[in-house]
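>>> Below is the sequence, then the predicted model.
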Amino acid sequence: MKKIGYLVPEFPGQTHNFFWREIGALKDLGVDVQLYSTRRPPLGIQSTTWGKQASAETVYLHPLSPLEMARALWLFASSPARAMNALMAWQNSGKNLPQGESKARLFALMLLGMWLGHQIRKNGMTHVHVHSCADAANIALFAHKTFGVTYSMTLHNPITIWGGNQKNKWRHASFGIIIAEWIRKDLVARLKGYLPAQLYLAPMGVDINKLRRNTGYVPRKEEELRVFSCARLNPAKGFSVLLNAIALVNRSGLKARLTIAGEDDEGGTGYRKDIERLVNELELQHCVTLLGSVPEERVKHELEQAHVFVLASLEEPLGVAIMEAMSMEVPVISTNAGGVPDLLANDHGIMVPPGDASALAEAITEIGSDPEKAKTLSAKGRTLIEAKYHHQLSAMAICSHL
């Protein structure tokens, strides 16, 4: 049986359902997966039903115990060749850091990479797949330089958001997986000449067998329009635009109720407070519910009850939440940002310009007032996901290179 390491930052977090699905798909393909993570996520965003099992199976790299730190320093000092490789990689990587990124912090990541490389080899593995191109990728790079561990990466967003040292991270990777074509094109344009020979295009898909309706989709008739949104609470997800759109819809005479699943990165003490203030300012307390971070089963339940799913992102790499809604045969409204057109073009959903609350309100009203349109989008969405966006694609890409 093949065995690999699998490194995800702050695992398991609220948006990590896909990773757990991919891990399951890898196991189904005969791969033994050892989980690693940079550190534990905040308690407020640990909501998945599988989270306890995942945490128990995960080796956390930070913080190292005093004994582990001593061991990491010993690994550095006990082999002159290893120390030289580590220092050369640290020095070369330091040349590629943008202003604001610290070489001292990079040195700490070097020690974690050395520790990871030691653990990978100790557990009989030679490869680690990394779901990040930021700090976790630096850690994998140092594991490669000090213990010969090969690594690969999945790119989830444009390369510009993942910090410095990208040329070194990519030119030493065995292969890469890119979730959307527009992100792949941007990567090639920026890092041509530093990329591995194999770049696979594989979306972060969904488990179409689990995300299946128990009853057929029924559009709104006379009752209020049930609107559902699911995303990490972050300004980039356009929640202020969505709330303003809901206010416009209700003022027009169509009663709409919005339910939002998701939490901010601080576990409820960050951007959520801004959303709560806006709900009060718009006098939407009677028709907006913030669920916080909830398990996948609750998301499925909300999708089954919804008339329409809305994601008002100002920027969106592709949109797993959109795929989940489409798999559940819920009509989708989103923006034409990033990779969303890959999912919603050709009348698979309705797209509006990012930041346009009026256009979003019109689209929501259209779904609430046109049951035939809603039913058409419901059926077409599921068909597309079944054909092109199931969760096994990325696992198959990883396995093809092992």
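Yes, it's here.
>>> Pull out the buried positions in the helix-or-strand element of the chain with minimal mean pLDDT.
Using mean pLDDT, DSSP states H and E, helix 66-77 stands out as the lowest-scoring helix or strand of the chain, at a mean of 87. Neighbour-count burial for helix 66-77 flags 68, 72, 75, 76 (criterion: 16 or more other C-beta atoms under 10 Å). C-betas here are computed from N, CA, C, even on glycine.
>>> For the helix or strand hosting residue 298, what is the distance to the chain centroid?
Using DSSP states H and E, residue 298 maps to helix 296-305. The chain centre lies 19 Å from the centre of helix 296-305; the measure is C-alpha atoms, centre = their mean, to the nearest Å.
>>> Quick check: mean pLDDT of it?
Taken as a whole, helix 296-305 has an average pLDDT of 95.
>>> Need the CA coordinates for it. CSV is fine.
Output of helix 296-305 as CSV, limited to C-alpha atoms (Å, rounded to 0.1, in the frame of the first residue of the first chain):
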residue,chain,number,x,y,z
GLU,A,296,-21.7,19.4,6.8
GLU,A,297,-24.9,17.6,7.8
ARG,A,298,-26.5,20.9,9.0
VAL,A,299,-25.4,22.5,5.7
LYS,A,300,-27.1,19.7,3.8
HIS,A,301,-30.3,20.2,5.8
GLU,A,302,-30.3,23.9,5.1
LEU,A,303,-29.8,23.4,1.4
GLU,A,304,-32.7,20.9,1.4
GLN,A,305,-34.9,23.6,2.9
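>>> What lies in contact with it?
By C-beta atoms under 8 Å, 6 or more residues apart in numbering, the residues outside helix 296-305 that reach it are 17, 48-49, 210-211, 213-215, 226, 228, 230, 259, 261, 291, 309, 324-325, 328, 330.
>>> farthest residue from the center of this protein?
Here the centre of the chain is the reference, and by C-alpha atoms, centre = their mean the most remote residue is residue 80, at 39.2 Å.
>>> Relative to residue 86, how far out is that residue?
Noted for residue 80: a distance of 11 Å to residue 86, by C-beta to C-beta, to the nearest Å.
>>> residue boundaries of the strands in this protein?
For the chain, strands defined by DSSP state E occupy the ranges 2-8, 31-37, 58-60, 127-130, 150-155, 175-178, 199-201, 225-230, 256-261, 288-292, 308-311, 332-335, 350-352.
>>> Can you tell me which of those strands is nearest to residue 400?
Shortest distance between residue 400 and the strands of the chain, using C-beta to C-beta, is found for strand 199-201: 7.6 Å.
>>> what comes up buried for the closest one?
So, applying 16+ other C-beta under 10 Å, buried residues of strand 199-201: 199, 200.
>>> ditto for stretch 307-323
Of all the residues in stretch 307-323, those buried under the rule 16+ other C-beta under 10 Å are 307-323.
>>> Okay, and which of those residues map to helices?
320, 321, 322, 323 (DSSP state H).
>>> can you tell me how far the residue lying closest to the second one once chain neighbours are set aside sits from residue 241?
Spatial nearest neighbour of residue 321, excluding adjacent residues (C-beta to C-beta, 6 or more residues apart in numbering): residue 230 at 4.7 Å. As defined by C-beta to C-beta, residue 230 lies at a distance of 16 Å from residue 241.
>>> what do you get for residue 157?
On the measure of C-beta to C-beta, residue 157 and residue 241 end up 20 Å apart.
>>> Give me the more crowded residue out of the two.
residue 241 (24 against 18; other C-beta atoms under 10 Å).
>>> for this protein, longest helix please?
helix 103-122.
>>> That one: which residues count as buried?
106, 109-120.
>>> Which neighbouring elements make contact with it?
In terms of contacts (3 or more C-beta pairs under 8 Å, 6 or more residues apart in numbering; DSSP states H and E), helix 103-122 is packed against strand 2-8, helix 66-77, helix 80-94, strand 127-130, helix 135-147.
>>> Most tightly packed of these?
helix 135-147 (a mean of 27; mean count of other C-beta atoms under 10 Å).
>>> gap between stretch 202-217 and the chain center?
Relative to its chain's centre, stretch 202-217 lies at 17 Å (C-alpha atoms, centre = their mean).
>>> So if we follow the domain assignment, how does the protein break up?
The record's domain split for the chain, according to automatic domain parsing, is 2-207+391-399, 225-388.
>>> Same list (the strands of the chain) but as TSV, adding distance to residue 393.
Converted to TSV, the strands of the chain look like this (distance: least, C-beta to C-beta, whole Å):
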stretch	distance to residue 393
strand 2-8	17
strand 31-37	15
strand 58-60	24
strand 127-130	14
strand 150-155	12
strand 175-178	9
strand 199-201	9
strand 225-230	22
strand 256-261	25
strand 288-292	29
strand 308-311	21
strand 332-335	20
strand 350-352	24
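>>> now for those, which one comes closest to residue 398?
Using C-beta to C-beta, these put strand 127-130 closest to residue 398, at 5.7 Å.
>>> List the contacts of the closest one.
4-8, 36, 116, 120, 136-137, 139-140, 143, 149-154, 174, 398, 402.
>>> Partner strands of it and their direction?
For strand 127-130, the paired strands and their directions (DSSP bridges) are strand 2-8 (parallel), strand 150-155 (parallel).
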